[in-house]
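1. just to be clear, the model below is a prediction. Sequence and coordinates:
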Amino acid sequence: MKLSRWAVTAAALAAVMTVSAPLAAHAEDPVDLSGSYIVDTVRAITPEEGDEILLALDDLYTRADIQLFVVYVGTFTNPSNPIDWADAVAIDNGLGADDVLLAVALDDRQYALSVDPDFSLSDAQLDTVERAIESELRGDNWAQAAIAGAQTLRAEATGVVGPNQPTDPTAPTTGSEGGIPILPIVGGVAVVGVGVFIYSRIRRRGAGGATTSVPEQMTQKQLDTRAGSLLVQLDDSLKTSEQELGFAIAQFGDAATKDFSLVLASAKKKVAEAFAIKQQLDDVNPDSAEEKRAWTTQIIQLCEAADAELDDQADAFDELRQLEKDAPAALARVVEATSAARTRSATAAATLDELTERYAASATKPVAENVAQAEKLLDFADAAAKKAEQSIAASQASEAAIAVRTAQSSVGQAEQLFGAIDSLATSLDEAAHKLEAAVADTTQDIAAAKALPADPSATQLAPAIAAAVAVVDEMTGAKTDPIAALAKIEKANSALDQVFVGVRDEQQKKAAARAKLDGSLTAARAQLTSAMEYITTRRGGIGESARTRISESERLIAHAEAIASSDPVTALAESQRAYELASTAFDLARRDVESFAAQENYRSMPRGSDGADLGGLLGGLVGGMLGSGGGGGRSGGYRPSSGSRSGTRSGSFGGSSRSSGGSRGSRSSGGRSRGGRF
């Protein structure tokens with residue numbers, strides 16, 4: 001029994017039973033499911049029929065992993081088309097690809113089956129489902145239409161006719177064989193508004209407790225609806241659980257229900273925390289959109305976690321009840337399992353002795369007491385089995401079930417203890433094998449590190465080598481704990497490798513730089529000499545830019561020569577930069593000379609072979625000799641800009657994006673939904 005099987009509380013049942021006739025049909029816009037599986041705005045079904053539908057929906061989900069939602073209204077409005085109306089409800093409520101919605105308008109005598117385009121069943125299978133539903137609707141069998149839909153969906157999805165289902169999958173069942181669970185943990189039929197009955201329960205997909213609706217894909221409105229529904233349902237669940245705990249204690253005793261009491265307390269705490277967050281959302285202080293979404297999501301997570309805890313305990317009680325019915329056979333099985341476990345005990349003890357002989361005490365410490373503990377558990381299992389036998393003889397079914405469960409648990413724990421020894425043996429053997437390879441690898445790395453030249457870059461290498469050598473020495477001789485040793489040597493090897501690689505790379509850089517440095521300096525000196533000679537012989541027409549770069553090139557060459565032995569990497573970089581500066585100085589000097597030659601101020605002066613006025617280019621020397629006209633250098637004149645002009649351009653890139661809300665967005669176009677009149 002899962003917690004999703006909600007039982008009918010006495011108060012709610014009384015409230016439903018007071019209604020003897022359906023309300024007058026009325027127009028309905030697409031409804032909010034509020035987290036429920038059946039919404040009846042016209043009292044088309046009775047509470048008893050609601051229970052039968054829920055049993056069919058649960059069976060469909062359990063066997064086929066399909067959820068069916070059912071809505072009864074008077075008239076479809078906004079939109080009035082049945083299929084569009086049903087699809088709107090499915091989309092607004094975030095139904096997924098494996099969810100189906102049956103909407104019935106009694107007054108219009110119309111119905112629709114909303115189905116996602118990616119739904120697993122074929123169109124032919126859906127036609128079969130539709131025929132089964134329509135057959136019941138024509139006879140005004142409102143509840144049986146939903147049950148027939150659920151049963152036919154299950155049959156089409158699994159290919160198997162269920163135990164409570166007739167051979168003809170389209171024939172409905174009354175559900176009378178299902179009954180009300182002995183221990184209903186949570187449940188109810190809630191009366192919402194005037195004349196609107198919502199049959200609801202919490203249901204999750206998979207053992208991990210994942211919800212049927214993903215908060216990240218829900219709108220804030222959907223989150224609010226989900227959170228509100230869960231709060232109401234869990235609050236009712238806890239109240240019912242407290243009552244049912246009393247029945248469980250009376251049936252199985254305090255010891256057997258202790259865990260459930262603890263779980264109930266934990267669930268209460270989570271639900272109380274969820275209500276506290278809801279109060280924060282409802283207070284007068286304004287909340288940002290991000291806060292609302294985060295807090296509402298937290299409410300949902302707390303409620304679902306509480307439900308998961310209760311769900312697990314419900315399963316445990318289910319198993320106990322099954323043991324009540326099957327105690328003699330279960331007892332025979334556990335006695336046999338205890339005997340087999342005792343045989344395994346001798347093998348486990350031998351394995352433990354072998355491990356103790358091969359490895360250090362720290363290696364086997366985690367399982368050193370396992371055999372002794374397992375023997376005690378098996379003795380306890382024997383005692384529990386004897387008590388179960390006595391209880392069976394005395395027709396004490398509940399006591400027998402608890403005793404059998406105790407024996408089963410004891411044998412299971414003993415098997416786990418034996419299994420832990422085998423698992424450790426495998427892990428130690430694997431670690432020992434890897435340890436040999438790690439020691440060999442580290443030894444090679446130590447030798448390679450020692451072979452590196454001792455220079456200033458290797459100052460951190462010696463401590464790393466020493467640490468690795470010490471760890472390797474620990475691995476030889478005495479018995480070891482291979483798991484701990486492997487972790488230790490891997491750590492030392494990693495530290496050595498990090499330093500070794502850094503030193504090796506640095507030394508390789510230096511060696512490569514030394515090989516290139518002499519040629520680079522030669523080129524830089526030659527380029528500098530050419531530029532300097534050009535400037536010297538034409539200095540009257542050359543400005544400060546070329547001279548500045550010449551000066552910096554000279555400085556870099558001198559510094560590179562000074563550090564060539566100690567820092568060849570930097571020396572190489574500076575020599576290369578010196579060459580570039582000298583080359584740039586030469587280009588700037590040539591442009592200055594060409595610019596100077598274009599001036600008309602010294603036309604009377606003799607020209608050189610390049611057409612420039614010699615007096616002006618020689619500057620102060622010639623100027624002093626010739627008197628006026630040369631001056632003490634040049635001033636003014638035109639210099640073309642050496643800068644470059646660049647532009648920018650802008651634009652956009654990337655593709656379109658789409659938000660992934662509910663997985664049914666395509667239902668707005670009709671998809672594979674179907675429906676009509678009946």
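-> Perfect, thanks for sending it.
2. now do the strands in this protein.
-> Along the chain, counting by DSSP state E, strands occupy 27-28, 38-40, 67-73, 75-76, 99-105, 110-115, 189-192, 196-199, 204-205, 210-211, 674-677.
3. and the closest residue to R590 other than its chain neighbours, how far from R547?
-> Spatially, and ignoring its direct neighbours in sequence, R590 is nearest to Y534 (7.5 Å; C-beta to C-beta, 6 or more residues apart in numbering). (Each C-beta comes from the backbone N, C-alpha and C, glycine too.) Using C-beta to C-beta, to the nearest Å, we find Y534 at a distance of 12 Å from R547.
4. name the residues of stretch 551-561 that are buried.
-> Neighbour counts using 16 or more other C-beta atoms under 10 Å place 553-554, 556-557, 560-561 of stretch 551-561 among the buried residues.
5. stretch 325-337 now?
-> For stretch 325-337, by 16+ other C-beta under 10 Å, it's 327, 330-331, 334-335, 337.
6. contacting residues around it?
-> Identification of contacts with stretch 325-337 by C-beta atoms under 8 Å, 6 or more residues apart in numbering yields 323, 381, 385, 388-389, 391-392, 397, 400-401, 404, 407-408, 411.
7. switch the cut-off to 10 Å
-> 319, 322-324, 378, 381-382, 384-386, 388-389, 391-392, 396-412, 414-415 (C-beta atoms under 10 Å, 6 or more residues apart in numbering).
8. show me the shaky parts of this protein.
-> 1-26, 160-215, 240, 243-257, 312-324, 454-459, 477-478, 508, 598-671 (pLDDT under 70).
9. residue ranges of each domain in it, please.
-> Domain assignment for the chain by automatic domain parsing gives 1-201, 215-438, 452-593, 599-634.
10. coming back round to it: got any residues that touch both of Y534 and R547?
-> 585, 589.
11. kindly check the end-to-end length of stretch 107-127 for me.
-> One end of stretch 107-127 to the other measures 24 Å (C-alpha to C-alpha, to the nearest Å).
12. report the buried residues of it.
-> Within stretch 107-127, judged by 16+ other C-beta under 10 Å, the buried ones are 108, 110-116, 119, 121, 125-126.
13. turn these into a markdown table, including distance to I45.
-> What follows is these, written out as a markdown table (distance: C-beta to C-beta, whole Å):
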| residue | distance to I45 |
| --- | --- |
| D108 | 18 |
| Q110 | 18 |
| Y111 | 15 |
| A112 | 18 |
| L113 | 18 |
| S114 | 20 |
| V115 | 23 |
| D116 | 26 |
| F119 | 25 |
| L121 | 25 |
| Q125 | 26 |
| L126 | 24 |
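14. what's near enough to touch A432?
-> 358-359, 363, 480-483, 485-486.
15. tell me how far it lies from A90.
-> A432 is 60 Å from A90, by C-beta to C-beta.
16. now for the residue nearest to R590: which residues touch it?
-> 542, 546, 550, 585-586, 589-590, 593.
17. now neighbour count too, for those residues, in CSV please.
-> Formatted as CSV, the contacts of Y534 follow (neighbours: other C-beta atoms under 10 Å):
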residue, neighbour count
I542, 27
A546, 24
I550, 23
A585, 27
F586, 20
A589, 24
R590, 16
V593, 22
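18. how near is the closest residue to A103 other than its chain neighbours to A340?
-> Among residues not flanking A103 along the chain, A86 sits closest, at 4.1 Å (C-beta to C-beta, 6+ apart). To A340, A86 is 57 Å away according to C-beta to C-beta.
19. more neighbours: the two, which one.
-> A86 (30 against 12; other C-beta atoms under 10 Å).
20. please verify my assumption that the more buried one contacts Y111.
-> Yes. Assessed by C-beta atoms under 10 Å, A86 is found in contact with Y111 at 8.5 Å.
21. mutual contacts of these two, please.
-> 71, 76, 102-105, 674-675.
22. which of the residues you listed count as buried?
-> For these, buried by 16+ other C-beta under 10 Å: 71, 76, 102-105, 674-675.
23. among these, which one lies nearest to D32?
-> Distance to D32, by C-beta to C-beta, is smallest for V71 among these, at 10.4 Å.
24. need the contact list for the closest one.
-> 28, 30-31, 33, 36-41, 44, 85-86, 89, 101-105, 111-112, 114, 146.
25. ok, how many other residues are close to the closest residue to E554 other than its chain neighbours?
-> Leaving aside its chain neighbours, E554 sits nearest to L528 (6.5 Å; criterion: C-beta to C-beta, 6+ apart). By other C-beta under 10 Å, 23 other residues sit near L528.
26. and L528, how far from A431?
-> L528 is 64 Å from A431, by C-beta to C-beta.
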